[in-house]
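Asker: the sequence isn't on hand, but the structure is:
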């Protein structure tokens, strides 16, 4: 029963632990998916044109190249002769200084003054213009191959170049390219991409006062989530523990099988030997086995279990082994024994102790044979031990042996009645029997664990 409860507890512990590990894994998956769905937005207005890049996170810098050129913009045919606009090539460096992959991004550039767009690379531009009080939106896949007739955008032509006019408040949204040639997304950890725009502004002006915002999402790998590794470590420990339990259980089962086989061999060998002893006297046939069973019941009632209970049983089974050396004519004598014959009978205790002295498999196996005729009051034999000085197993056997003798027919008398037997045990508590063991035995009879025919 205890083994079943132990196995049930172990199985339940492993099940609960595995459930907790699965819960941690599911939480790590949910956290990762939630993080990947989150849209991040940052405003770099002013900062992107002046401050140093951030050392962590996602950053965007707008830096104009030093080489520029100028152009004459006489849009109203006023007869201008001097160049009044200069071109800027702006590189928008988007850098990822995180441990996660940037799966997508867009940036929004809101102009604070009038500019004219000439070109952009590598992605598309989503242009937002205020045309006669209404917003017009158009997405141009590649401004380098812009065909104005395909759109209703506000454009101008200067020296044969078609430019898109963006007034103050107008804005563009840069849509990065994932084509094989550009491959602006995804952005790997600690890497970046550099889209560019060429535009014209009035000479001595720039777009550093324009608004610049970036919107992006991450693709975090599940392995980057700490809870994932916690769950994996837990699973590894769980598997190791399971393997250990399986191997240990197999070894224990193998040991138990061998132990049971060895116990069976020991028991059969001892029972065979005690059978020889009991066969010497037909009137006591089965006596050793019955005494062993009664002794085991006493020991079990007193809290013994497992191997110790088995050991007590075997010790009791061998308690009369010394009778093998007692002549049959004395054992079977129907009349009263002479003093000399009684001394020979008494010697079976010492003979039994000597026989079992070489039996090392069972601890103190000779105690039962040597001391089971000792009395609690010290008037027993062979040594006249008293009280607790008598080994406990011998005190148990003493009660069991006396009970079986009274409850069996002998060559010299018939068995006693139930009442006589009970009275004998009660009356001899503290004299012949250990009072505690006698009470235990009487309880076994009362509760019908020992049935008297």
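Answerer: Looks like it came in fine. Small disclaimer: the values here were computed from a predicted structure and weren't measured. Residues are numbered from 1 along each chain as shown.
Asker: SS state for residue 206?
Answerer: Following DSSP: H, G, I helix; E, B strand; the rest coil, the label given to residue 206 is coil.
Asker: and if you look at residue 90?
Answerer: Residue 90 - assigned by three-state DSSP - is strand.
Asker: gap between residue 256 and residue 168?
Answerer: Distance of residue 256 to residue 168, computed by CB to CB, to the nearest Å: 90 Å. Just so you know, the C-beta spots here come from the backbone N, C-alpha and C atoms, and that holds for glycine as well.
Asker: nope, residue 43 is what I was after
Answerer: Distance check for residue 43 against residue 168: by CB to CB, it reads 18 Å.
Asker: show me where pLDDT drops low in this structure?
Answerer: Filtered on pLDDT under 70, the chain yields the residue ranges 1-3, 278, 280-284, 410-413, 453.
Asker: and the longest helix for it?
Answerer: Identified as the longest helix of the chain according to DSSP state H is helix 226-279.
Asker: so which elements touch the helix or strand just after that helix?
Answerer: For helix 226-279, the following helix or strand on the C-terminal side (DSSP states H and E) is helix 287-301. For helix 287-301, the helices and strands in contact under the criterion 3 or more CB pairs under 8 Å, 6 or more residues apart in numbering; DSSP states H and E are helix 226-279, helix 306-317, helix 392-406, helix 435-446.
Asker: closest one to residue 121 among those helices?
Answerer: Closest to residue 121 of the helices and strands packed on helix 287-301, according to CB to CB: helix 226-279, at 38.7 Å.
Asker: and the closest one, what other elements does it pack with?
Answerer: Packed against helix 226-279 by the contact rule (3+ CB pairs under 8 Å, 6+ apart) you find helix 2-37, helix 287-301, helix 306-317.
Asker: list the buried ones in the first one?
Answerer: By neighbour count with 16 or more other CB atoms under 10 Å, helix 2-37 contains the buried residues 17, 21, 24, 25, 28, 31, 32, 36.
Asker: go on, the shortest one?
Answerer: Neighbour-count burial for helix 306-317, with 16+ other CB under 10 Å as criterion, is recorded at 310, 311, 312, 313, 314, 315, 316, 317.
Asker: the second one now?
Answerer: By 16+ other CB under 10 Å, the buried positions in helix 287-301 come out as 287-300.
Asker: circling back: out of the helices and strands packed on helix 287-301, which is the most enclosed?
Answerer: Highest mean neighbour count of those: helix 392-406, a mean of 23 (counted as mean count of other CB atoms under 10 Å).
Asker: now do the helix or strand that that one is followed by: everything it contacts.
Answerer: Next helix or strand after helix 392-406 toward the C-terminus (DSSP H and E): helix 418-427. With contact meaning CB atoms under 8 Å, 6 or more residues apart in numbering, helix 418-427 is reached by 399, 402, 403, 406, 407, 416, 433, 438, 441, 442, 445, 452.
Asker: could you redo the last one with a cut-off of 6 Å?
Answerer: Contact with helix 418-427 is made by 406, 438, 452, as judged by CB atoms under 6 Å, 6 or more residues apart in numbering.
Asker: and for stretch 383-403?
Answerer: Contacts of stretch 383-403 (CB under 6 Å, 6+ apart): 291, 294-295, 298, 312, 315-316, 319, 367-368, 371-372, 374, 376, 378, 433-434, 437-438, 441.
Asker: one more: stretch 162-178?
Answerer: Contact partners of stretch 162-178, identified using CB under 6 Å, 6+ apart, comprise 106-118, 122-130, 148, 153-156, 184-185, 195.
Asker: next structured bit after the helix or strand encompassing residue 342?
Answerer: Using DSSP H and E, residue 342 maps to helix 339-346. Under the assignment DSSP H and E, the closest C-terminal helix or strand after helix 339-346 is helix 348-356.
Asker: would you mind measuring from residue 339 to residue 346?
Answerer: Using CB to CB, residue 339 is found at 10 Å from residue 346.
Asker: quick one, what contacts residue 74?
Answerer: With contacts defined as CB under 6 Å, 6+ apart, the neighbours of residue 74 are residue 80.
Asker: should've said residue 290
Answerer: Each residue near residue 290 by CB under 6 Å, 6+ apart is listed here: residue 404.
Asker: that one and residue 233: what is the separation?
Answerer: 59 Å.
Asker: got it, and residue 153?
Answerer: 58 Å.
Asker: re earlier: just the angle for the longest helix of the chain relative to helix 348-356, thanks.
Answerer: Orientation of helix 226-279 against helix 348-356 (axes from the mean of the first three to the mean of the last three CA atoms, to 10 degrees) gives an angle of 130 degrees.
Asker: what's the neighbour count on residue 166?
Answerer: Number of residues near residue 166 (other CB atoms under 10 Å) recorded here: 26.
Asker: nope, residue 143 is what I meant
Answerer: Neighbour tally, residue 143, other CB under 10 Å: 21.
Asker: that one: what's it in contact with?
Answerer: 119, 120, 125.
Asker: in JSON lines, list the buried residues of helix 2-37 along with distance to residue 328.
Answerer: Output for those, formatted as JSON lines (distance: CB to CB, whole Å):
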{"residue": "17", "distance to residue 328": "67"}
{"residue": "21", "distance to residue 328": "72"}
{"residue": "24", "distance to residue 328": "77"}
{"residue": "25", "distance to residue 328": "78"}
{"residue": "28", "distance to residue 328": "83"}
{"residue": "31", "distance to residue 328": "88"}
{"residue": "32", "distance to residue 328": "89"}
{"residue": "36", "distance to residue 328": "95"}
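Asker: tell me which two of those sit farthest apart.
Answerer: With CB to CB as the measure, no two of these lie farther apart than 17 and 36, at 29.0 Å.
Asker: and the nearest residue to residue 73 once chain neighbours are set aside, backbone torsions?
Answerer: Closest residue to residue 73 apart from its sequence neighbours, by CB to CB, 6 or more residues apart in numbering: residue 85 at 4.7 Å. Phi and psi for residue 85, reported as degrees, to the nearest 10, are phi -130, psi 140.
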